[in-house]
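S.K.: have a look; sequence and predicted model below, questions after that.
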Amino acid sequence: MLSVSQLAMLAGLGEERTAAAGDVLYRVGAQSYPFIAILEGEVAILDPAGHEIVRHGPSRFLGELNFLSGQTVFVTAVAAQPLRYIAVDRDVMREQLFEDGPLSDLVLSTFIARREALQTVDGLGVEIVGPRSSAPTMRMLDFVRGNRLPFSWRDEPADGVAPVVRLPGGAELRAPSVGEVSRALGIGRVLERREEVDLVVVGGGPAGLGAAVYGASEGLETLLIESSALGGQAGTSRRIENYLGFPAGITGSELTSRAVVQARKFGARPATPYRALSLEPGNGRHTLRLDEDHEVAARAVVLATGADYRRLPVDGMAEYEGLSIFYSAGPPEAQLCGASRVAVVGGGNSAGQAAVWLSRGGALVTLLHRRADLRETMSDYLIRELDRYGVVVRDRSEIAALHGSVGRLEAVTLTTGERLPFSFLFLFLGAQPCTHWLGDAVARDGHGFILTGAGAQADHLLETSVPGVFAAGDVRSGSTKRCATAVGEGAMAVQFVHAHLGRSRTAEARR
C-alpha cells in the first residue's frame, strides 16, 4: 500500500480523476496506461474472458511489469465502485522511480510479484498453437518462458504453418519470428540498420547488465544486445541466497528486473531479441553484425553471452521438452507439477534452488547427481535446505532412458538399470559457452570459452586477444560461474574499456 506521503507526492506529479462504476481504465491489448493510485473506491482486474482475478482498494495501485517495460497489457481494469484516483503519466512515473528509492522498491517488488501471479492464470497472455515437433513452435515457447510472459500452448497442428501466435487483444500472427512477436508485444526495441555507439554489450545476463549499468552511468553511449530474454539464466533462478546485500535472498527475476531498470535509468539502451551473427574487429571501431540485417559499430565491445543449457544424451528428449522436461522452474512449472513425483537433475546451486522451490510448492522431489558427494559442487546452505524441505538426494545417479508417451513422462531408467517413476524432469546440467558465432574473431580455449588476460596475451585482465574487445561472466575461460562474480566482471570490464579508449585517444592525438 502507498503511504499518505507517497500519495501526496504522486498527486503533485499527476492529476486527480474520477470514474463511474463499470468504467474501463485500461483493457487487454492496450500498449500503455498511466500509473493509477486509488484514493476512493475499488478496481477489479479481469482476465480476457471477464472473470475477476483480484480487486484493489484505497491506497493501492494498479499495474505490473508491463508498465515499466512497455509490454502489451494482459488484463482489463474496471472500476467496481465509483472511483477517485491519481493518474501519473508513465514516463513521469518512471523518472520518479529512478529517483525515489523507497517508492521504487515498493512498486517494483509488487510488479514482479504480480507478473509471477499472472503466469499461473489460465487463458491469459499469449496463445501459441503448434505441435511439439515444430522447431519454431518450441523456440517460441522458450521465448515466452524466458521473458516470463503469461501464455497458453495448444500442442496440436496449426492451420498451415506453425506456430500460430495470438496476442492479447486478438491480433494473430502466423509463423512469426521471435523478434516479430517481441516487437508486437512492445518488448523489443527497434534498432536502426546501422548503430554507432561507444560500447556494445552482447548478452543480457548479470555480466552484461553489470557492464551496461556501469558503462552508461560513466558516460558511455551503451547499447545492450540480447537474443532472448534480459536476465539470462540468472533471471530464471528461484532464489539467490548468497548475493551480497540480500540476507533474506532474492529471486533471479527480481534481481535482474531491478538491474534492467537501473540500466535504463542511466541511459543504456537494451535491444531484444537480436541475435549476434559475427564480430569483425576493426581499427578504432569493431562491427557487430546482427540478424535481420542490422549492424553495430562500437569503439569497445563486452562479450557476455553466457552459456546454453546442456541436454541429456538420451533418445527421445525432444518429445518431452516443454511438456514434462524443463530447464527452469518458474511459477507455471511449479503449478503444473504440484503433488507429482519430480526429479531435479544436477549438482550445482541452480539445481538445489529449483529442488527446494518445487518441494515447497508440494512436489515430491528427488535430486539426481552424478558425483559421490554433493558438497563438491553445491553450497552448504543449499544442502541444508534440501534436507529441511524433504528433498531426496541420490548420489552417483545418471539417466540412461526415458519412458512415457505423447510427451508425458512416466519413468526414467538410470545407468545402473534401476527404474524410477517421475512425471517431470528439471535439468540443471551446466552449460556450453555461447561463442560459436564468433568463429576466429577472438581466441578461445578447447571448450569454446573466451580467453582473456595473460591467456590471450592481452594487456588487461578481461581483455580478449583483440584490443578493445572484452569478455565477462560465464562465457570467459576460468570464470567462477557465480552471479555476483559475473556482475563484478561486467563492472570491471568497463574500467578496462575506459583505459582502452584513453589509450586510443592518446594514440590519435600523437598522429
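M.R.: Perfect, thanks for sending it. Numbers count the residues shown, from 1 in each chain.
S.K.: use CA for all of it now, contacts and neighbours both
M.R.: Will do.
S.K.: G63 - how many residues pack around it?
M.R.: Applying other Cα atoms under 10 Å, we find 21 other residues in the vicinity of G63.
S.K.: quick one: residues contacting it.
M.R.: For G63, the contacting residues are F35, I36, F111, by Cα atoms under 8 Å, 6 or more residues apart in numbering.
S.K.: tell me the buried residues in stretch 179-188?
M.R.: G179, V181, S182, R183, A184, L185, G186, I187, G188 (16 or more other Cα atoms under 10 Å).
S.K.: what helix or strand is the nearest residue to the first one once chain neighbours are set aside located in?
M.R.: The shortest distance from G179 to any non-neighbouring residue, by Cα to Cα, 6 or more residues apart in numbering, is to P273 (5.6 Å). Per DSSP states H and E: P273 is located in neither a helix nor a strand.
S.K.: P273 - how many residues pack around it?
M.R.: 25.
S.K.: pretty sure it contacts S228?
M.R.: Yes - assessed by Cα atoms under 8 Å, P273 is found in contact with S228 at 5.2 Å.
S.K.: now do the shared contacts for these two.
M.R.: The contact sets of P273 and S228 do not overlap (Cα under 8 Å, 6+ apart).
S.K.: how many residues are close by L191?
M.R.: Using other Cα under 10 Å, L191 is surrounded by 14 other residues.
S.K.: is it true that it lies in a strand?
M.R.: No - checked against DSSP: H, G, I helix; E, B strand; the rest coil, L191 lies outside a strand; its state is coil.
S.K.: state the distance from it to Q31.
M.R.: 19 Å (Cα to Cα, to the nearest Å).
S.K.: just E15 next, same as before
M.R.: The value you get for E15 to Q31, if Cα to Cα is used, is 21 Å.
S.K.: of those two, who's got more company?
M.R.: Remark: of E15 and Q31, Q31 carries more neighbours, 17 against 12, as counted by other Cα under 10 Å.
S.K.: ok, for that one, nearest residue in space, not its chain neighbours?
M.R.: Nearest non-adjacent residue to Q31, counting by Cα to Cα, 6+ apart: T72, 4.9 Å away.
S.K.: just checking, that neighbour touches S32?
M.R.: Yes - look at T72 against S32 with Cα under 8 Å: they come within range, at 7.2 Å.
S.K.: higher neighbour count, the two?
M.R.: Neighbours were tallied for T72 and for S32 using other Cα under 10 Å; the higher tally belongs to T72 (25 against 19).
S.K.: how about the secondary structure of the more buried one?
M.R.: Per three-state DSSP, the secondary structure class of T72 is coil.
S.K.: quick one, phi/psi of it?
M.R.: T72 adopts backbone torsions of phi -60, psi 140, taken as degrees, to the nearest 10.
S.K.: contact partners for it?
M.R.: Each residue near T72 by Cα under 8 Å, 6+ apart is listed here: V28, G29, A30, Q31, S32, N66, P168, L185, G186.
S.K.: now do T480: how many residues are near it, please.
M.R.: Per other Cα under 10 Å, the neighbour tally for T480 reads 12.
S.K.: any idea how far it lies from L277?
M.R.: According to Cα to Cα, T480 stands 27 Å off from L277.
S.K.: report pLDDT for Q432.
M.R.: pLDDT recorded at Q432 is 88.
S.K.: one step back: ok, now how distant is the residue nearest to G179 from F143?
M.R.: Distance, P273 to F143, by Cα to Cα: 9 Å.
S.K.: circling back: and the residue nearest to Q31, how far is that from G50?
M.R.: 18 Å.
S.K.: list the contacts for the residue nearest to G179?
M.R.: Going by Cα under 8 Å, 6+ apart, P273 touches V178, G179, S182, G188, I225, E226, S227, S228, A229.
S.K.: need the per-residue pLDDT for the first one.
M.R.: Which is V178. 91.
S.K.: for the residue lying closest to it once chain neighbours are set aside, which three-state class applies?
M.R.: Residue nearest to V178 in three dimensions, not counting chain neighbours: M140, with 6.2 Å by Cα to Cα, 6+ apart. Here M140 is recorded as helix under three-state DSSP.
S.K.: list the contacts of M140.
M.R.: Here M140 is in contact with I128, P163, V178 (criterion: Cα under 8 Å, 6+ apart).
S.K.: and it, what's its pLDDT?
M.R.: We have a pLDDT of 94 for M140.
S.K.: that one and Y327, how far apart?
M.R.: For M140, the distance to Y327 - Cα to Cα - is 15 Å.
S.K.: then V190?
M.R.: Per Cα to Cα, V190 is found 29 Å from Y327.
S.K.: check V129 too.
M.R.: Using Cα to Cα, one gets 21 Å for the distance from V129 to Y327.
S.K.: G70 now?
M.R.: 27 Å.
S.K.: okay, the two: which has more neighbours?
M.R.: Y327 (22 against 17).
S.K.: returning to that earlier point: name the residues contacting each of P273 and F143.
M.R.: V178, S228, A229.
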